[in-house]
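Asker: model the structure of this input:
(chains A, B, C and D)
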2 protein chains.
Amino acid sequence: MEMPTKTLKGAATFKEAPTFKDQRRERIIQVARSVFYEVGYAGASMSMISSRLGGSKATLYAYFNSKEDLFEAIIREQCGQIADLFLAHTGTDDLRATLAVMGRELLTAIMSDEAVRTFQLIVEESHRNPQLAEMFHNVIQSQGGSNLVNLLQAAHARGQINAPNSQEAAMVLKSLIFGDCHFKRIMNLAAQPTEAHLSRQVDLAVDIFMAYYGSKSAG
Amino acid sequence: MEMPTKTLKGAATFKEAPTFKDQRRERIIQVARSVFYEVGYAGASMSMISSRLGGSKATLYAYFNSKEDLFEAIIREQCGQIADLFLAHTGTDDLRATLAVMGRELLTAIMSDEAVRTFQLIVEESHRNPQLAEMFHNVIQSQGGSNLVNLLQAAHARGQINAPNSQEAAMVLKSLIFGDCHFKRIMNLAAQPTEAHLSRQVDLAVDIFMAYYGSKSAG
DNA sequence: GGTGAACCGTACTGTACAGTTCGGTTTATT
DNA sequence: AATAAACCGAACTGTACAGTACGGTTCACC
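Answerer: As a prediction, the model looks like this:
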């Protein structure tokens, strides 16, 4: 069903073809995303999407079998973009600095307009489509979190902190970093935080974290 | 428009009448709530509600002018019920114990099935109806939170903790108490926590909180 | 310059919904 | 028993939607 062998688009036969219809697919996702993000899943209609797209509804259905399919593709793509925000970190000797950097990264990612709206839509659809929630959580947990777990584990082994349960310690740090920003943001009760607010939040989180795990014997 | 003077229902003229139609109104809210909670706002229909209620749709509209009205009444009532879960607390000398008790109360309330579902519905509707989000947040913040702020303020004044910014300290404690339970719960990725898990979470939160604010100079 | 796939526009099918209307019926107050 | 309010059931209005059908059109490739 998918283009067997076929020289295409002038550009010779690279392994990664320039994609005749992948481009269109990408554009559909872009447009549909903006519609879903404006009016929510239930509020959006395929007619609205196709009209804003410019083409016909039939074309839309040639790329996606259903509204649900399209929505899923959008969330999937968005999760990928959020995951890309998390860089790989190797711990340095300055643990506090490393945690602060990772914390800023995490908080910035999760508080971005796109991530917040994605989260809201996932919550809205979490009954009909629980896999989306799992996927999103994996992005935050694994991409943004297992980094953290590994780092804390290493720091524990090095004796920089006393955190035998690195999973739990990572959870604590994440909770401190999020603060109540995220909670409020999800309800549209707060705008994207300023750089200053963000820094304050992360620094406080690291301070508190280190006060507990830094030196004394813990749990 | 509302029953001028009228002896009613056998029961004599108390100030708080036994309510001929308030009972029915209450029952409508009950039924509608269960429907909204099962299928969400968009997924629910007034026909479904009235049929499950037993009466006719016209009766339903005699009590509530619109679907939106009905939904709002439900959320409002639910917020009231959640607020009722928070008791008044006067600080004792044992600060840790007091914090643990309040923490358990807060976590139990916010992690209950009803509170979680209410939160999800509010998120779903937060674009169309931002006041609901505000109301919900007020319940958590003011009922469950200003207690905490006052208590921490008093503890600071008494020298039990060093937290000049009691607002911020309360935020920190709340974040620690919530942990990642709430985050996961909202996405339907976790069930109601067990008593043991709940206790562990709160005790850890209080430990970390006191490690930072308990003795040394902070912020 | 001809073949076929992708596309367009538009109209259609069938369904579902919010909210209304209305004639008949119960129920409670006098 | 008489009066009026509340209620029932069921049909109805108008709208909006997901998804399909189809004849005509572009456009890439041979």
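
Asker: and the residue of chain A found nearest DNA strand D, how many neighbours does it have?
Answerer: Closest residue of chain A to DNA strand D, Cβ to the nearest atom of the strand: A:Ser45 (3.2 Å). (Glycine included, C-beta is placed from N, CA and C.) Number of residues near A:Ser45 (other Cβ atoms under 10 Å in any protein chain shown) recorded here: 13.

Asker: how much space between it and chain B?
Answerer: Using Cβ to the nearest Cβ, to the nearest Å, A:Ser45 is found at 12 Å from chain B.

Asker: got the phi and psi for that residue?
Answerer: phi -130, psi 150 (degrees, to the nearest 10).

Asker: report pLDDT for it.
Answerer: pLDDT recorded at A:Ser45 is 93.

Asker: what's the answer for A:Glu168, then?
Answerer: With respect to pLDDT, A:Glu168 has a value of 96.

Asker: SS state for the closest residue to A:Asp180 other than its chain neighbours?
Answerer: Counting by Cβ to Cβ, 6 or more residues apart in numbering or on different chains, A:Asp180 lies nearest to B:Met171, which is 5.2 Å off, once chain neighbours are set aside. Of the three states, B:Met171 takes helix under DSSP: H, G, I helix; E, B strand; the rest coil.

Asker: ditto for A:Tyr212
Answerer: helix.

Asker: that older thread, how far away is the residue of chain A closest to DNA strand D from B:Leu176?
Answerer: In this view, A:Ser45 and B:Leu176 are 43 Å apart by Cβ to Cβ, to the nearest Å.

Asker: the lengthiest helix in chain A - contacts with which helices or strands?
Answerer: Taking DSSP state H as the criterion, chain A has its longest helix at helix A:22-43. If you count contacts as 3 or more Cβ pairs under 8 Å, 6 or more residues apart in numbering or on different chains; DSSP states H and E, helix A:22-43 packs onto helix A:46-53, helix A:57-63, helix A:67-84, helix A:113-125, helix B:20-43.

Asker: domains of chain A?
Answerer: A:22-64, A:80-213 (automatic domain parsing).

Asker: can you give me phi and psi for the residue of chain A found nearest DNA strand C?
Answerer: Nearest residue of chain A to DNA strand C, counting by Cβ to the nearest atom of the strand: A:Gly55, 2.5 Å away. Here is the backbone geometry of A:Gly55 (degrees, to the nearest 10): phi -90, psi -150.

Asker: from the centroid of chain A, which residue is nearest?
Answerer: What sits nearest the mean C-alpha location of chain A, by Cα atoms, centre = their mean, is A:Ile82, with 3.2 Å.

Asker: tell me how far the residue nearest to A:Asp180 lies from B:Asn129.
Answerer: Here B:Met171 is placed at a distance of 26 Å from B:Asn129 (Cβ to Cβ).

Asker: of those two, who's got more company?
Answerer: Legend: neighbour count by other Cβ under 10 Å for B:Met171 and B:Asn129, higher for B:Met171 (21 against 17).

Asker: wouldn't the more buried one be in contact with A:Cys181 here?
Answerer: No: with contact defined as Cβ atoms under 8 Å, B:Met171 does not reach A:Cys181; the gap is 9.3 Å.

Asker: can you give the distance of stretch A:123-141 from its chain's centre?
Answerer: Remark: stretch A:123-141 is offset 11 Å from the chain centroid, using Cα atoms, centre = their mean, to the nearest Å.

Asker: if we go by neighbour counts, what in it is buried?
Answerer: Residues of stretch A:123-141 classed as buried: A:123-126, A:129, A:132-137, A:139-141 (neighbour count, 16 or more other Cβ atoms under 10 Å in any protein chain shown).

Asker: including pLDDT and distance to DNA strand D, could those residues go into a markdown table?
Answerer: Listed next are those as a markdown table, based on pLDDT from 0 to 100; distance: Cβ to the nearest atom of the strand, whole Å:
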| residue | pLDDT | distance to DNA strand D |
| --- | --- | --- |
| A:Val123 | 95 | 19 |
| A:Glu124 | 93 | 14 |
| A:Glu125 | 92 | 13 |
| A:Ser126 | 92 | 19 |
| A:Asn129 | 91 | 14 |
| A:Leu132 | 95 | 17 |
| A:Ala133 | 95 | 21 |
| A:Glu134 | 95 | 23 |
| A:Met135 | 95 | 21 |
| A:Phe136 | 96 | 22 |
| A:His137 | 95 | 26 |
| A:Val139 | 91 | 26 |
| A:Ile140 | 90 | 29 |
| A:Gln141 | 86 | 31 |
